[in-house]
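Peer 1: predicted model and sequence below, questions to follow.
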Amino acid sequence: MLNLEKRMKPREALEVSPFDTGVFTWKMNTRSIGENEWLQVDDCRWEDLSLKKKGTVGNHLEGSESTSLKLLQTIESWLTKRSFTLPIVDDYLHPIDKCGRLMQEDVCLMERISECWTLTAASVCFPTHWDPFSKIGLPLDGIHEPVPRYEEDLTPRPGNFMDRISDEMIVARTGWSLTACSDLALDHEKQMVEKDPSELIVRVERQTLRRIPNSDAIAFTIRIHRWPLRVIRDDDDLAKDLLISLKQLPDEIKTYKTETVKLSPMVEKYLNT
Ligand code: HEM
């Protein structure tokens, strides 16, 4: 059961509408945000933290400890400056796992190795149908290999963009999908059950990128937001944008966003009535 009263509403959580209403192409969609907006803490913090896997979450490349430790210090200082209590975490954990235990976001460490931004460590408990283990050690293009049109629409811009992220810069971007499952972790194939369309979930990933102080590394955070469709319907502009966005999905993407495509007739009908 999603406790919506205690969770951030779409307009609080997102800088702009996550739905792209232009002709479909994957976009960089990055926006600068302030230090205060880097991480998002709501009244479900402790509940979400309790759902994170205990112990070691992912695997890590050797040598990723020292930069992960710098990231840990950055997160601890961000939280304590804003008077958030730090949970007690097991001392034996890799520092990236400690990072993940402190915040509602998942986090990936990207290090520049042989000119390529490479995933060297990750604490991902709430993936949207991807396997963090299989991505460790991969460069940016390899991570995105399953995404149709990524190469033609985006490469080499994401890597070039990451090269240009300066110390003071923090950026956010979003991705979205439709799902019948309200779990935070979509790491399993769930049988789709008949659901009242108002309860279908609009799942939005709010991602941020920032350079880790004194390093050649970038922290990539992923915060999952889930809103039942009725919440989107209550916001005329968001509902309109979602409808347009669904219509624009090209065939190549339909084999990738399979659940979104399966649910879209139901969603369109509900939003149009
Ligand atoms: C500015 C940089 C980036 C851009 C523009 C970008 C863009 C995208 C896009 C367009 C998708 C398809 C999303 C969708 O379904 O809506 C995607 C998926 C994904 N991205 Fe990125 N991304 C960026 C950085 C990263 C980084 C740093 C990571 C690090 C782990 C990452 C991990 C992923 C993963 C795991 C997926 C899902 C891939 C799969 O289905 O196997 N992205 N990204």
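Peer 2: Perfect, I can see it now. Residues are numbered from 1 along each chain as shown.

Peer 1: remind me which residues of the stretch 151-273 of the chain are low pLDDT?
Peer 2: The model of the stretch 151-273 of the chain has pLDDT under 70 over residues 190-194.

Peer 1: close to the ligand: what parts of it are there?
Peer 2: Contact residues, the stretch 151-273 of the chain versus the ligand (Cβ under 6 Å from any ligand atom): Leu154, Pro158, Phe161, Gly175, Phe220. Any C-beta I mention is one placed from the backbone N, CA and C, and that applies to glycine too.

Peer 1: could you find the closest non-adjacent residue to the fourth one?
Peer 2: Across the structure, with Cβ to Cβ, 6 or more residues apart in numbering as the measure, the residue nearest Gly175 apart from its sequence neighbours is Glu205 (4.7 Å).

Peer 1: what about the one you found, how many neighbours?
Peer 2: By other Cβ atoms under 10 Å, 19 other residues sit near Glu205.

Peer 1: quick one, phi psi at it?
Peer 2: phi -100, psi 120 (degrees, to the nearest 10).

Peer 1: that one against Leu184, yeah?
Peer 2: No: using Cβ atoms under 8 Å, Glu205 makes no contact with Leu184, being 11.4 Å away.

Peer 1: pull out the buried residues from the residues of the stretch 151-273 of the chain next to the ligand.
Peer 2: Among those, those buried by neighbour count (16 or more other Cβ atoms under 10 Å) are Leu154, Pro158, Phe220.

Peer 1: contacts only, for the residue nearest to Gly175.
Peer 2: Applying Cβ atoms under 8 Å, 6 or more residues apart in numbering, we find Glu205 in contact with Thr128, Thr174, Gly175, Trp176, Ile222, Arg223, Ile224, His225.

Peer 1: can you flag which of those belong to strands?
Peer 2: Counting by DSSP state E, the contacts of Glu205 place Thr174, Gly175, Trp176, Ile222, Arg223, Ile224, His225 in strands.

Peer 1: which one among these gets closest to Lys70?
Peer 2: Nearest to Lys70 among the ones in strands among the contacts of Glu205 is Ile222, at 19.5 Å by Cβ to Cβ.

Peer 1: now the helices for the stretch 1-150 of the chain?
Peer 2: Using DSSP state H, counting those that start in this stretch, the helices found in the stretch 1-150 of the chain span residues 10-13, 45-51, 65-81, 95-102, 132-135, 140-143, 150-153.

Peer 1: show me the contact partners of the fifth one.
Peer 2: This means helix 132-135. Where contact means Cβ under 8 Å, 6+ apart, the residues beyond helix 132-135 that reach it are Val57, Gly58, Asn59, Cys108, Leu119, Ala122, Val124, Gly142, Ile143.

Peer 1: if we use 6 Å, what do you get?
Peer 2: By Cβ atoms under 6 Å, 6 or more residues apart in numbering, the list of residues contacting helix 132-135 from outside reads Gly58, Leu119, Ala122, Val124, Ile143.

Peer 1: count the residues that sit near Leu140.
Peer 2: Neighbours around Leu140, by other Cβ under 10 Å: 18.

Peer 1: nearest residue to it in space, please, no chain neighbours.
Peer 2: Nearest non-adjacent residue to Leu140 (Cβ to Cβ, 6+ apart): Trp117, at 4.7 Å.
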